[in-house]
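[1] model this:
(2 chains)
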2 protein chains.
Amino acid sequence: MRYVLRILLAILIMSALIQQPSYAKSSDLYKYLSVPGARATLPVEAAKEPFSKKFVDHARERFNNFHLQMGGDHALYYLMNLPEFMPTAMSMPAVKFKRLKRDIQEDLDKIEVKTDSEGVLTLSDYSVHPTFRHQGIMMVHQGKVVFEAFPGMTKTDMHVWMSSAKTTVGLVSAMLAEEGKIDVSQPITQYVPELAGTAWDSLSVLNVLNHTTALDSEETGESVLDPNSVIVSYFSAIFGTPNSGGCQTEDTVSVLRAFWPLYEEEPGAVFRYSSPNTDVLTMMIEHIEEKPWAAVFEERVWGKLNARMPAMFNMRPEGVALPLGLMSTTLEDMARYGVLFTPSWQAVAQEDVVSDAVLTRIQTGGDPEAFKDSAKDESGFKSFGGERAESNSYQWDWIFEDGAMAKSGNLNQLIYVDPERDFVGVVVSTTPYVAPYGETKAPAFMRAAAKFLHGK
Amino acid sequence: MRYVLRILLAILIMSALIQQPSYAKSSDLYKYLSVPGARATLPVEAAKEPFSKKFVDHARERFNNFHLQMGGDHALYYLMNLPEFMPTAMSMPAVKFKRLKRDIQEDLDKIEVKTDSEGVLTLSDYSVHPTFRHQGIMMVHQGKVVFEAFPGMTKTDMHVWMSSAKTTVGLVSAMLAEEGKIDVSQPITQYVPELAGTAWDSLSVLNVLNHTTALDSEETGESVLDPNSVIVSYFSAIFGTPNSGGCQTEDTVSVLRAFWPLYEEEPGAVFRYSSPNTDVLTMMIEHIEEKPWAAVFEERVWGKLNARMPAMFNMRPEGVALPLGLMSTTLEDMARYGVLFTPSWQAVAQEDVVSDAVLTRIQTGGDPEAFKDSAKDESGFKSFGGERAESNSYQWDWIFEDGAMAKSGNLNQLIYVDPERDFVGVVVSTTPYVAPYGETKAPAFMRAAAKFLHGK
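    From the prediction side, this is the model:
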């Protein structure tokens, strides 16, 4: 009975989230949630210990994108072990490894944030609260770790970044633009000829970088559950798994070529978040550099980072890495990457990887008009606890007027970088979207901590 | 013309190597060598720089076990990037990382070894000689690196161990035996019930550990090229690629169940090296521990090692890791693993992972009679430069009377552990078997260096 109520509640909540609720959509969700392992019954602490052979075999049999996105028990395993399920390319770190220094700030626990589901919580209570299902949280100020919690992973475990990984593509794109290797005002199909002769012809590189493509590819609560949406076809193609309609998978480029312009919307006008855009940018980067993504990212970023371990990128069947989301590292390595954008980069690298020009380009590349009232504007307002970002830019969801940048990932991943306050916050989780889960206030805690430590 | 001569020479040499040369076998080899990327035209130094997108895409299109085993240009990429081509499970290292101390011994260059193909060579000349195509060589004495060379990889690159990885399964099996969790005199099918009712019923665990199964599964120069051999069916199954006859792949357990006893040979009598034995032991370990191999290996070994990076195990389609060969690490992490078997284990771990009892069990578990005149007895005699081992044991190819242990891997990988002399040597390579390649004298250099440093 309790189970049935929970499912009904989940359906009601999802229906409220999606724009045009319908019986068909709810029944799709019900179908996904009915698969064994789709629901969260284990605490995230379970992921700190080995899973049984039987559990892992069951999870393997059921692996697909929809099942993963439910954020349930099986997802706990998937999100820390994606190389078991998809081909994986690696970017290797610098030879020299440097552990981040610790300067734990107990005072951070004075920070309180009001959550919708559990009332006012301190940072330490929030970090381990079972409603939020965060697995790892780390804050770095002036190049030193000031807060860390590992409720659902060990320090050497890898965890997927989900869409927080898109920032890596924004970064490399900004580098190429600064070097004059690309002109972001030019048509994207000039650099990605596979898409020439389609709707992509009318889009600039910047439109793709900022998700202002005016294509029918926006990821919404509705489209990601609609078996007939282009976005579902796209995810089926890159995961190499049949889509929810049980169809065969298609070639990714064919799916991308079939994207259609929205009626009466100009490119550049509206921020419509869509992962395929990042894939197209990855193709652009591979063409320009004539090397696979993982090699480019190693040469330009990860290979200069004093990280402990490789950055692992899962690939689609055609052999293209998916930095649009399927990137896994340790939590501390994720934090190190964030520190590259701060004045304390010397704590994590031997050279200045993110130049001032590249940073400024990212911070100022967006259009507040396109961002205003977008889905991310609204979700950011909520997760940052009532503070509103100014724009999105170069694959970052939120740029604040003070230059702070943040990018979320499905199932509650987060990277928050605040160069002015010399602060970085990273979060990895396996948080389902269905009640009683789905809320995150990690962004609010990050921004509050940055302000607290910086004194304003 | 030069190309044709080279192929003809290759065929002649392979024909000499295999026991019953025939036109059919030579034409199979010719077929594999004719695939673009199958031959070695690039120096191993090429692997220190990123490969082009075009090269990698070509290599990906052609990936299969036979193509990889040719050890050519594409294999250079495969052997350092296997997670791109097969599912991959990870064993994570200890939280604490310790760089191995350096105490480089210039005197080691006084060691000279007579090679068949290039005459007498010093260690430094041998290490980088293009005929041997070694990519990384490291020697550790008393827990410190005394020699290192990276002609074909960087210090952070991963490289596959090939069959040198089998020692990990021997180690965990010995641990389980010492703990009383298995009895190596019992039938293997008591622990691996999937194989009950087949020829495996008459084999003890020790028969499988020591490759004395009296089954028709020996890996010989002939059987690995014969499309109708059980060993080729087996490799096709675990790689998930069609076998050389173009057939569909089979389920691995079905292939294993079809192994047939040799006429008039008793289990225990003859050392007949066969990778499927290691797979069966891996299944045994997973059943006993009720956890996937990578979790067991992390709990017992890698998670206690102050290694830099994970140990990566590729998996067969059924989700079973393949420590029979498809294990990748950095070169220094491979050396660290070897140091666990020496008195200097404290240089690489916080606790004594390989107990005296486990070490003695491995060193004394073999039968000299079964080893004598085996293929490995002969190949060891050659690669160790005229010194003969006494037996094979617990997945190690060669145990010397002084307790030194060694295990080779296809395409010239090697681990040599000499506990009495507190010495470890590791080698990774991409050495084709066809002329002018195929020779290795790395084992001879390792043993000579151990004796030189130990003073006898």
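[2] quick one, strands of the stretch 251-400 of chain A?
    A:311-314, A:327-329, A:391-393, A:396-399 (DSSP state E, counting those that start in this stretch).
[3] any chance of these in CSV, plus mean neighbour count?
    The C-beta positions use only the backbone N, C-alpha and C, and glycine is treated the same way. As requested, these are exported to CSV (neighbours: other Cβ atoms under 10 Å in any protein chain shown):
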stretch, mean neighbour count
strand A:311-314, 27
strand A:327-329, 28
strand A:391-393, 27
strand A:396-399, 27
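[4] per-residue confidence for A:Ala269?
    pLDDT, A:Ala269: 97.
[5] so who does it touch?
    A:Thr212, A:Ala214, A:Glu369, A:Ala370 (Cβ atoms under 8 Å, 6 or more residues apart in numbering or on different chains).
[6] okay but the last one is in contact with A:Glu265, surely?
    Think A:Ala370. No. Applying Cβ atoms under 8 Å, one finds A:Ala370 not in contact with A:Glu265, separated by 10.8 Å.
[7] which one's more surrounded, the two?
    A:Ala370 (21 against 15; other Cβ atoms under 10 Å in any protein chain shown).
[8] give the contact list for the more buried one.
    Counted by Cβ under 8 Å, 6+ apart, A:Ala370 has contacts A:Asn210, A:Thr212, A:Gly268, A:Ala269, A:Val270, A:Phe271, A:Ser391, A:Asn392.
[9] now stretch A:177-196: buried residues?
    A:Ala177, A:Ile182, A:Val184, A:Pro187, A:Ile188, A:Thr189, A:Tyr191, A:Val192, A:Glu194, A:Leu195 (16 or more other Cβ atoms under 10 Å in any protein chain shown).
[10] separation between A:Glu218 and chain B?
    30 Å (Cβ to the nearest Cβ, to the nearest Å).
[11] which parts of the stretch 1-150 of chain A are strands?
    Using DSSP E, counting those that start in this stretch, strands in the stretch 1-150 of chain A cover A:88-91, A:112-115, A:119-122, A:134-141, A:144-149.
[12] to A:Leu359, which of those strands lies closest?
    strand A:134-141 (16.7 Å; Cβ to Cβ).
[13] compute the inter-axis angle for the closest one and strand A:144-149.
    Interaxial angle, strand A:134-141 versus strand A:144-149 (axes from the mean of the first three to the mean of the last three Cα atoms, to 10 degrees): 160 degrees.
[14] for the record, mean pLDDT for strand A:134-141?
    The model assigns strand A:134-141 a mean pLDDT of 98.
[15] could you give the bridge partners of the closest residue to A:Ser185 other than its chain neighbours?
    The shortest distance from A:Ser185 to any residue other than its chain neighbours is 5.4 Å, reached at A:Ser204 (Cβ to Cβ, 6 or more residues apart in numbering or on different chains). A:Ser204 has these beta-bridge partners by DSSP bridges: A:Pro187.
[16] just to revisit the earlier point, and the buried residues of stretch A:177-196, which is closest to A:Phe423?
    A:Ala177 (26.0 Å).
[17] nearest residue to the closest one in space, please, no chain neighbours.
    Here the residue nearest A:Ala177, using Cβ to Cβ, 6+ apart, is A:Val184, at 5.3 Å.
[18] isn't the one you found up against A:Leu209?
    Yes. Using Cβ under 8 Å, A:Val184 makes contact with A:Leu209 at a distance of 6.5 Å.
[19] low-confidence ranges, the stretch 151-300 of chain A, go.
    Scanning the stretch 151-300 of chain A for pLDDT under 70 picks out A:242-249.
[20] nearest to chain B within it, name that residue for me.
    A:Ala295 (3.7 Å; Cβ to the nearest Cβ).
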